[in-house]
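Visitor: the sequence and its predicted three-dimensional model are supplied below.
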2 protein chains.
Amino acid sequence: MSHHDLNRDEDSPDRKIAYETVYKSLYDSIITGRFKPGKPLTIRGLAEEMNVSPMPVRESIRHLVALGALEMQTTRRVAVSEMTEERYREIVKVRILLEPEISVRAMAHCNNALINKLKHIDNEIESALDKGDADCYSLKNWEFHFTLYRAANCPIMLRLIESIWLQFGPFMRIIVGRLGTSYMVDQHINAITALKNKDEKALREAIRQDIYDGMDRIGEKLLGHASPK
Amino acid sequence: MSHHDLNRDEDSPDRKIAYETVYKSLYDSIITGRFKPGKPLTIRGLAEEMNVSPMPVRESIRHLVALGALEMQTTRRVAVSEMTEERYREIVKVRILLEPEISVRAMAHCNNALINKLKHIDNEIESALDKGDADCYSLKNWEFHFTLYRAANCPIMLRLIESIWLQFGPFMRIIVGRLGTSYMVDQHINAITALKNKDEKALREAIRQDIYDGMDRIGEKLLGHASPK
DNA sequence: TAAAAAAATTTGTGATCACAAATAATCTCA
DNA sequence: TGAGATTATTTGTGATCACAAATTTTTTTA
């Protein structure tokens, strides 16, 4: 299953909807940091690039603006938001509030298939880090977390977390290539171990630390300091 | 300021954008429970009702679906979601996580003007309850909470809370007319007092209790039981 | 009479056009 | 030469149309 339909049990491609293709494409562009923050995106430009009419792009942009993935200025031009001190602090705060919580709920529904899937994705993440493949890292890190969170069966909480991720997603690639990335403790492994042992406390701590590790690196690069604990 | 532009400091009506009018209208219809949960809404129907072309309605619907205010079925028809046991539990959980938190942040920026504004809105709420005016109650209760939350200056957290409110908003009117509403402790007053005294603990408790009081009544009516503490 | 099939209608999506506002490019004049 | 005014272009929004899918209504058949 793709990482876009966060709550759908199976893909059901009855009809090819251009809007969905466009939405997914923009979504991935955002979380891999393809759009420079602040640089205006145009409906016609994106439509031409994807060989569709402006209509599906218009609707996708409305959707992504609603999620906070794109920002609409008063002149109605849209762009990825720049990261600011205030936004950064809010994002860390909310992640720490929500993500350990949903992880614990996922633990209740966790089986071997999920654990193996997470292990596999984590290997791909490590490989992407080794190769310095920032696009792959961003997508796979996304996939790891949302594979776990989706298992919680909490669609409402999941939507909120998705909104948050879309707001720091464009900066996730910064983590790749930062000095010391390879010496980082792999909190994903700790999380997987905790899931296996049904150790709620350890799981919370692993997710919590994973958030701080990643956000610290983004904060250091963008704002010159680590996240406030 | 209206309650729709949650993060804008002042309305700037440079040009009349039909989309914004339509969006606000649908927004208010949703939070006052005008649309029956599960009953499909049609683009053309709403457009005709508001004397606009289908275009602004299409975009508004995309926006509201993205926020979780409306649900899009696989056949692409949209409707207000029905309340389920699972959704209800998630909503209570997330509200308890986020709303006391943002309230405390609002306290830091709280001045007399805000306190007076909240007092005034709370009077209107009490009046609406007395008269049994469910529409007015829903709108004013919304205004009370978002006036407070907006003061926190946390636009990212605010957006998440807005998304949650849009999901139980259609059922807020249930609170009016429930037996015993008039004997309820007014937690808004407690919150205002806590704000005045800069008493973080009391503020958290007031907001927390206000959430439980309201959600309990919704749960009792819709699901036959109170919220899980 | 009720279930199945067929026809008619409604609905969402995608494309195209017109228009005014916003942006970019050019020109003017000191 | 460069800042301000003017023109040209680009852009988002709103409207309308075509079309296929979904829904509703009608008809048929057992």
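Guide: Great, that's in hand.
Visitor: would you mind listing what in chain A touches DNA strand C?
Guide: Counting by CB under 7 Å from any atom of the strand, chain A comes close to DNA strand C at A:17-20, A:52-56, A:59, A:73, A:75-77. All C-beta atoms are positioned from the backbone trio N, CA, C, and that covers glycine.
Visitor: which of those count as buried?
Guide: Among these, those classed as buried by neighbour count (16 or more other CB atoms under 10 Å in any protein chain shown) are A:Ala18, A:Tyr19, A:Val52, A:Pro56, A:Glu59.
Visitor: please list all residues in contact with the closest residue to the third one other than its chain neighbours.
Guide: Of all residues beyond its chain neighbours, the one nearest A:Val52 is A:Ala18 (4.9 Å), with distances taken as CB to CB, 6 or more residues apart in numbering or on different chains. Remark: with contacts taken as CB atoms under 8 Å, 6 or more residues apart in numbering or on different chains, A:Ala18 is in contact with A:Val52, A:Ser53, A:Met55, A:Pro56.
Visitor: next, A:Met72: phi, psi?
Guide: With angles defined as degrees, to the nearest 10, A:Met72 sits at phi -100, psi 120.
Visitor: domain ranges for chain A?
Guide: Here the domain parsing of chain A from automatic domain parsing is A:18-79, A:85-223.
Visitor: does A:Pro228 count as helix, strand or coil?
Guide: coil (DSSP: H, G, I helix; E, B strand; the rest coil).
Visitor: grab the nearest non-local neighbour of it.
Guide: A:Arg89 (6.1 Å).
Visitor: confirm that that neighbour sits in a helix.
Guide: Yes. Assessed by three-state DSSP, A:Arg89 belongs to a helix.
Visitor: so it is in contact with A:Leu223, correct?
Guide: No. Counting by CB atoms under 8 Å, A:Arg89 does not reach A:Leu223; the two are 9.6 Å apart.
Visitor: okay, those two: which has more neighbours?
Guide: It is A:Arg89, of A:Arg89 and A:Leu223, that has more neighbours when counted by other CB atoms under 10 Å in any protein chain shown, with 17 against 14.
Visitor: show me where chain A has strands.
Guide: For chain A, strands defined by DSSP state E occupy the ranges A:71-72, A:78-79.
Visitor: closest to B:Leu139 out of these?
Guide: Set against B:Leu139 and scored by CB to CB, the strands of chain A come closest in strand A:71-72, at 25.1 Å.
Visitor: pull the residues that contact that closest one.
Guide: A:Val65, A:Val78, A:Ala79, A:Val80, A:Ser81.
Visitor: what of stretch A:75-85?
Guide: For stretch A:75-85, using CB under 8 Å, 6+ apart, the contacting residues are A:30, A:35-42, A:61, A:65, A:68-73, A:87, A:167-168, A:170-171, A:218, A:222-223.
Visitor: ends of that stretch, what's the gap?
Guide: Start-to-end span of stretch A:75-85 (CA to CA, to the nearest Å) is 24 Å.
Visitor: is DNA strand D contacted by it?
Guide: Yes. Interface with DNA strand D: stretch A:75-85 contributes A:Arg76, A:Arg77, A:Val78 (CB under 7 Å from any atom of the strand).
Visitor: give the contact list for A:Glu124.
Guide: A:Cys136, A:Lys140.
Visitor: ranges for the helices of chain A?
Guide: A:18-31, A:43-50, A:54-66, A:85-108, A:112-131, A:134-150, A:155-168, A:187-197, A:200-223 (DSSP state H).
Visitor: of all those helices, which lies closest to B:Asn111?
Guide: Here helix A:85-108 is closest among those (CB to CB), at 19.8 Å.
Visitor: and A:Asp213, how many neighbours?
Guide: Neighbour tally, A:Asp213, other CB under 10 Å: 17.
Visitor: should've said A:Ile115
Guide: There are 15 residues near A:Ile115, going by other CB under 10 Å.
Visitor: so which residues on chain A come close to chain B?
Guide: The interface of chain A toward chain B, taken as CB under 8 Å from any CB of the partner chain, is made up of A:12, A:14, A:58-59, A:62-68, A:74, A:86-87, A:90-91, A:93-94, A:97-98, A:101, A:153-157, A:159-160, A:163-164, A:167.
Visitor: remind me which residues of chain A are low pLDDT?
Guide: A:1-2, A:5-14, A:178-182, A:229 (pLDDT under 70).
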